[in-house]
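In: Generate coordinates for the sequence data below:
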Amino acid sequence: MESPFKADVLKGKVALLTGGGSGIGFEISTEFGKHGASIAIMGRRKNVVDEAVSALKSAGIPAVGFEGDVRRQEDAERVVEATVKHFGKLDILVNAAAGNFLVSAEDLSPNGFKTVMDIDSVGTFTMCHEALKYLKKGGPGRNSSTGGFILNISATLHYTASWYQIHVSAAKAAVDALTRNLALEWGTDYDIRVNGIAPGPIGETTGLSKLMPQEINNTATDHLPLYNVGEKWDIAMAAVYLASNAGKYINGTTMIIDGGLWLSKPRQLPKEAVKQVSRTVEKRSRAAPAGVPTSKL
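Out: Numbering: from 1, shown residues only. Sure, this is the predicted structure:
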């Protein structure tokens, strides 16, 4: 699909993306690059990072990749420093690295719970912490008095509750809290905007295929208000908007992009059945003696 934004809306920006070599992260990397940004990708799998960088360069996007694990502070520091050394500055940090798998709470080991927390929440904070000195206004390599931008990829699982996702729900709840608190502190002190995106089910992603088996996926759209799964492009366009000047007054917000799924529940009755029930109740109400509750009829 054609972007609604001008091709130079992120011109001159340097963006570092964890988990930027695949899935939603790579789509954001690509769209940021198409809109003028230079891209640095950090990931644990060197082959994935290398392939992503090659694809970006083939599209004419300045790109570099670094192998690293967000759970290791020394990796985070090294990659941030290497990004600035390569491009001269850092304007945007996107925390898209994540871990997930389906498991019931009783079968989830404490180590499994900790692993997801370490990647999603601790890793997000670690990257923010190491990038701070370059993102804050007046920081090394910055050419203006304004600060940079941080985007944290979250989820909607914890807004209610989700089956077999207690580890990720806890981790993403922490990410949302981190987003709000850093937006308050670093927005006030350093003019850094910090926002999040909470995607719903997105087609052609590992998350959808791994967490929603095909037999469930086939009927999942019955419960989506917009009756379709989202596209990676939808998330990337929101990221471009938030990172651009169009979003310059948005801070501390996690944008939900799921077609309204988190608001929805399966229909208990077809629409026509609801009309029939309503007419029946209305008739009973009209026939009820004064002062007698319809629930008693």
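
In: Every contact and neighbour count from this point should use C-alpha atoms.
Out: Noted.

In: Can you tell me the element the residue nearest to residue 65 when sequence neighbours are not counted falls in?
Out: Sequence neighbours aside, residue 41 is the residue nearest to residue 65 in space, at 4.7 Å (criterion: CA to CA, 6 or more residues apart in numbering). Assigned by DSSP states H and E, residue 41 belongs to strand 38-43.

In: Report the backbone C-alpha coordinates of that strand in PDB.
Out: C-alpha atoms of strand 38-43 as PDB (Å, rounded to 0.1, in the frame of the first residue of the first chain):
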ATOM      1  CA  SER A  38      19.100   5.700   8.300                       C
ATOM      2  CA  ILE A  39      18.600   2.300  10.000                       C
ATOM      3  CA  ALA A  40      20.600   0.300  12.500                       C
ATOM      4  CA  ILE A  41      19.300  -3.100  13.400                       C
ATOM      5  CA  MET A  42      20.100  -5.100  16.500                       C
ATOM      6  CA  GLY A  43      19.300  -8.800  16.900                       C
END
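
In: Other residues contacting that strand?
Out: Strand 38-43 is contacted from outside by 12-21, 29, 32-33, 49, 53, 61-69, 79, 83, 87, 97, using CA atoms under 8 Å, 6 or more residues apart in numbering.

In: Buried ones among these?
Out: Using 16 or more other CA atoms under 10 Å as the burial test, the contacts of strand 38-43 include 13-21, 29, 32-33, 49, 53, 61-69, 79, 83, 87, 97 as buried.

In: Show me these that map onto strands.
Out: 14-18, 63-67 (DSSP state E).

In: okay, those in CSV with pLDDT and distance to residue 252 next?
Out: Below are those laid out as CSV (pLDDT from 0 to 100; distance: CA to CA, whole Å):
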residue, pLDDT, distance to residue 252
14, 98, 21
15, 98, 19
16, 98, 20
17, 98, 19
18, 98, 20
63, 98, 28
64, 98, 29
65, 98, 29
66, 98, 28
67, 97, 29
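
In: just those residues now: which is nearest residue 171?
Out: Among those, residue 18 lies closest to residue 171 (CA to CA), at 16.3 Å.

In: Show me the beta-bridge partners of the residue lying closest to that closest one once chain neighbours are set aside.
Out: Setting aside the residues directly before and after it, residue 18 is nearest to residue 42 in space (CA to CA, 6+ apart), at 4.7 Å. Note on residue 42: beta-bridge partners by DSSP bridges are residue 18, residue 66.

In: Around residue 42, how many other residues sit close by?
Out: 29 (other CA atoms under 10 Å).

In: Could you check how far it is from residue 153?
Out: Using CA to CA, to the nearest Å, one obtains 15 Å as the distance from residue 42 to residue 153.

In: Now for the residue nearest to residue 65, how many residues are close by?
Out: Neighbours of residue 41 using other CA under 10 Å come to 28.
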